[in-house]
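Undergrad: Structure for the following, please:
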Amino acid sequence: MIATPEKLAAANKATVESLLSVSATAMASAERLAALNLNTARALIEDSMSTLKTLSEAKDPQAFINLQTSIAQPGAEKLVAYYRSVYEIATQNQAEITKLMESQLADLNLSLNAALDEASKSAPAGSDVAIAAVKSALAAANSTYDSVSKAARQVVDIAEANVAAATGAAVKAVGTTTAAKPARKSA
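TA: Below is the predicted model:
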């Protein structure tokens, strides 16, 4: 198999384009994460100022305690929403990069098969068995990759369902805890 300068240039160009796509995907995710963090910080400062103002207006200790407990539920919900957003960004980034890599793997398989076909045309007699073995090994590797990839997707789906259930339970637990606190009688 003789690689021509045109083939090498095309392969290099494809590699550079692939790296640029992965870089662009990673950069877009970083931008989304930075925007999320900035918006969350802004909202946290605004909420903190509002909370301090509300707490400073409490007339007695019981009102102060009631205000504190009423603030806990929305805070927990916002925290869970923030982590859910971070998780979404990370999951989308991973899915996009996986899609790019699978595309590159498919292109690589096509190139390898084409190279093997070309090599078999100019190979000496009797090398058909070796080329068939390489093709068979390539097919087995692709099949294994597909099986592992499907299993990994199932694990991710189960993990996402568990994360959703756990965050829902955490928000519910915080709501139950704040609602269940008995009111103290002032002396």
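
Undergrad: And the helices in the protein?
TA: 5-56, 61-122, 128-180 (DSSP state H).

Undergrad: Off-centre distance for the first one?
TA: The chain centroid and the centroid of helix 5-56 are separated by 12 Å under C-alpha atoms, centre = their mean, to the nearest Å.

Undergrad: and the residue nearest to the spatial centre of the chain, what does it touch?
TA: Central residue of the chain (C-alpha atoms, centre = their mean): residue 91, 1.7 Å from the mean position. Listed by C-beta atoms under 8 Å, 6 or more residues apart in numbering, the contact set of residue 91 reads 156, 160. C-betas here are computed from N, CA, C, even on glycine.

Undergrad: if we can go back for a sec, export the helices of the chain to TSV and tack on mean pLDDT?
TA: Putting these into TSV (pLDDT from 0 to 100) gives the following:
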stretch	mean pLDDT
helix 5-56	89
helix 61-122	84
helix 128-180	77
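
Undergrad: tell me the most buried of those helices?
TA: The highest average neighbour count among these, using mean count of other C-beta atoms under 10 Å, belongs to helix 61-122 at a mean of 14.

Undergrad: and it, how far from the chain's centre?
TA: The answer for helix 61-122 is 1 Å, by C-alpha atoms, centre = their mean.

Undergrad: for stretch 113-129, same thing?
TA: That offset, for stretch 113-129, works out to 42 Å (C-alpha atoms, centre = their mean).

Undergrad: Can you tell me what sits against it?
TA: By C-beta under 8 Å, 6+ apart, stretch 113-129 touches 1, 131, 134-135, 138.

Undergrad: do stretch 6-21 as well
TA: Contact partners of stretch 6-21, identified using C-beta under 8 Å, 6+ apart, comprise 100, 104, 107, 111.

Undergrad: ok, now how distant is residue 80 from residue 134?
TA: For residue 80, the distance to residue 134 equals 52 Å [C-beta to C-beta, to the nearest Å].

Undergrad: for residue 36, same thing?
TA: Taken as C-beta to C-beta, the span from residue 36 to residue 134 is 48 Å.

Undergrad: ok, now residue 78?
TA: Distance of residue 78 to residue 134, computed by C-beta to C-beta: 56 Å.

Undergrad: what do you get for residue 103?
TA: Distance from residue 103 to residue 134, counting by C-beta to C-beta: 23 Å.

Undergrad: With residue 86 instead?
TA: Residue 86 is 44 Å from residue 134, by C-beta to C-beta.

Undergrad: ditto for residue 67
TA: Residue 67 sits 73 Å away from residue 134, going by C-beta to C-beta.
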